[in-house]
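Visitor: just coords:
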């Protein structure tokens, strides 16, 4: 800060040496009086922007806004504004005309709050036309002139008042606060991107809790689009959190993610994932697949957001332990990659998401070894359920398995007979030979039909096993969640868990089978086996 201040004084001196007045004003002057640090130096002068550009021709001078430039000097940035004499405003933001002035007092009169209307000269002399020094000592934020007029001229000044309260810890003077409450709806005239800089400083201020109370009490929170519910909730229960957490709380309460305030976030994509998972899992009932899909940190953050919103208990240690126990920590650690699947078959790409997700879940539950060959075999069997027959060659060419019907058999017989049509005049011996050959063909066809029947039975058995595995997984997940709820409500103790688990599993299996027709095949298979056993006995 000392180096910044020294360079600021150098800029003042250069302007003075060129025959102009120049003063530090605003945040720097206020904080120097207060004895605290500052991150920004604003300079006011009677030199026009064109004159400033000419004086600092060897430095970078950029247009900032009407009547002001941004000077980069010796590695430091300064906003230099020409004395102004503002007249009537239009559309609550821009003055109808902006005239330059040669009088410092005109510039001070155009300021927003008294603590920002103190000019400090190169030698440290203060020009204080509105008792700003006194307000700094009393830790008071007071608008210059009529606050209702000031906020009508520029509604953004209400956010500046909140920012000063957040950074300095000052109280907003009563008359100024009442005017903020009455003019709050004018913030509808300001686009979100115009609020961004002030909101960042409000949310990160040392005294944000005080500023947040002012934000809600003045009804300003109602006009900060997309953050209304979050700010209202945090005002009742506040613990210092990051900007991303403030945004996440708001989006979860809104039940959807918004891109409006992406520029406020350090990592919008990660924020989106936190919001998405918090909405997906409000009670923080984590399962292994979600843990590796979203990652440990996203899961921890989403749990914390739901905890802040009183939707869940804080489960930091439990989540960390659960994650540490997983056989793999990321989808990329699966031994059989997505590219391996693509090389295995091009015909079964439409089934990729379902099959590969099933592989990951089974690996996570130790139902499938995380081994390339083991996963490959499992996927080939799974593809067979969709009638995709993988036949590898050295060139990695595959062809799908086809369902055979009577037309296929007819084609086979016809092709075989045609190939055996006699090319010479038939004799008795030729006829006998041909008949013998036909019998051989018939035997081969019968063997072929038997092979198809066996394969069809194998496919049906695989389908039944897959259906049974899915039912078991679904029931286990439902029962697991039920047991957690019973445990949380203190209805489950000690060995009761095993008893409840068994009873719940049987109940849910029976319920699902009775309501979902596709699961009735499992009972039909079971009844068929019982009949077969009885007949054998």
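Guide: That came through fine. Quantities reported herein were computed from a predicted structural model and do not represent experimental measurements. Numbering: from 1, shown residues only.
Visitor: for the closest residue to residue 359 other than its chain neighbours, which residues are in contact?
Guide: In space, and not counting its chain neighbours, residue 359 is closest to residue 375: 5.7 Å by CB to CB, 6 or more residues apart in numbering. Every C-beta, even on glycine, is put in place using the N, C-alpha and C of the backbone. Listed by CB atoms under 8 Å, 6 or more residues apart in numbering, the contact partners of residue 375 are 334, 335, 336, 359, 363, 368, 369.
Visitor: quick check: the residue nearest to the spatial centre of the chain vs residue 301, distance?
Guide: The centroid of the chain falls nearest to residue 272 when counting by CA atoms, centre = their mean (1.2 Å). Distance, residue 272 to residue 301, by CB to CB, to the nearest Å: 12 Å.
Visitor: go on, residue 236?
Guide: The separation that residue 236 has from residue 301, given CB to CB, amounts to 21 Å.
Visitor: compare these two (neighbour count), which wins?
Guide: Higher neighbour count among residue 236 and residue 301: residue 301, with 23 against 8, using other CB atoms under 10 Å.
Visitor: you'd agree the more buried one is up against residue 274?
Guide: Yes. Contact status for residue 301 versus residue 274: in contact at 4.6 Å, counting by CB atoms under 8 Å.
Visitor: need the overlap of contacts for the two.
Guide: residue 248.
Visitor: what sits against residue 342?
Guide: So residue 342 contacts residue 349 (CB under 8 Å, 6+ apart).
Visitor: and it, what's its pLDDT?
Guide: You'll see residue 342 listed with a pLDDT of 80.
Visitor: how about the secondary structure of it?
Guide: helix (DSSP: H, G, I helix; E, B strand; the rest coil).
Visitor: and it, how far from residue 387?
Guide: Residue 342 is 19 Å from residue 387, by CB to CB.
Visitor: close enough to count as contact, residue 27 and residue 116?
Guide: Yes. Taking contacts as CB under 8 Å, residue 27 lies within contact range of residue 116: 7.4 Å.
Visitor: flag the shaky bits of the stretch 151-300 of the chain, pLDDT-wise.
Guide: 238 (pLDDT under 70).
Visitor: in which helix or strand would I find residue 8?
Guide: helix 2-17 (DSSP states H and E).
Visitor: tell me how many other residues crowd the nearest residue in space to residue 102 that is not next to it in sequence.
Guide: Leaving aside its sequence neighbours, residue 102 sits nearest to residue 46 (CB to CB, 6+ apart; 5.0 Å). The local packing of residue 46 (other CB under 10 Å) involves 19 other residues.
Visitor: so where do the strands sit in this protein?
Guide: Using DSSP state E, the strands found in the chain span residues 22-25, 42-45, 60-65, 68-73, 76-82, 84-86, 89-90, 94-95, 98-100, 118-120, 126-128, 140-141, 171-172.
Visitor: residues touching residue 218, list them.
Guide: Neighbours of residue 218 in contact, by CB under 8 Å, 6+ apart: 158, 177, 180, 181, 184.
Visitor: highest neighbour count among these?
Guide: residue 158 (31 neighbours).
Visitor: distance of the residue nearest to residue 359 from residue 120?
Guide: Taken as CB to CB, the span from residue 375 to residue 120 is 72 Å.
Visitor: list only buried entries from the contacts of residue 375.
Guide: By neighbour count, with 16 or more other CB atoms under 10 Å, the contacts of residue 375 hold 334, 335, 336, 359, 363, 368 as buried.
Visitor: TSV for those residues, including pLDDT and distance to residue 71?
Guide: As requested, the buried ones among the contacts of residue 375 are exported to TSV (pLDDT from 0 to 100; distance: CB to CB, whole Å):
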residue	pLDDT	distance to residue 71
334	93	56
335	93	59
336	91	60
359	92	61
363	93	60
368	92	65
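Visitor: circling back to that earlier point, so the residue nearest to residue 102 sits against residue 84, correct?
Guide: No. Residue 46 sits out of contact with residue 84 when judged by CB under 8 Å, with a separation of 10.4 Å.
Visitor: which neighbours do the two share?
Guide: 100, 101.
Visitor: okay, and the helix or strand of the chain with the least pLDDT?
Guide: Of all regular secondary-structure elements in the chain, judged by mean pLDDT, DSSP states H and E, the least confident is helix 406-419 with a mean of 36.
Visitor: list the buried residues in stretch 42-51.
Guide: Buried, per 16+ other CB under 10 Å, within stretch 42-51: 42, 43, 44, 45, 46, 47, 49, 51.
Visitor: any idea of the mean pLDDT in it?
Guide: pLDDT averaged over stretch 42-51 gives 94.
Visitor: do stretch 63-83 as well
Guide: For stretch 63-83, the per-residue pLDDT averages 92.
Visitor: got a list of contacts for it?
Guide: Residues contacting stretch 63-83 (CB under 8 Å, 6+ apart): 3-4, 7-8, 10-11, 21, 40-49, 52-53, 56, 59-62, 84, 98, 100-104, 106-107.
Visitor: in space, what's closest to residue 60 - neighbours in sequence excluded?
Guide: residue 72 (4.1 Å).
Visitor: okay, the one you found and residue 363: tell me how far apart.
Guide: On the measure of CB to CB, residue 72 and residue 363 end up 55 Å apart.
Visitor: number of residues surrounding residue 207?
Guide: So residue 207, with other CB under 10 Å, has 14 neighbours.
Visitor: tell me the spacing between it and residue 6.
Guide: Counting by CB to CB - residue 207 and residue 6 are separated by 29 Å.
Visitor: what's the answer for residue 250, then?
Guide: 42 Å.
Visitor: what about these two, which has more around it?
Guide: residue 250 (22 against 11).
Visitor: surely the more buried one touches residue 226?
Guide: Yes. Contact criterion CB under 8 Å: residue 250 and residue 226 qualify, at 6.2 Å.
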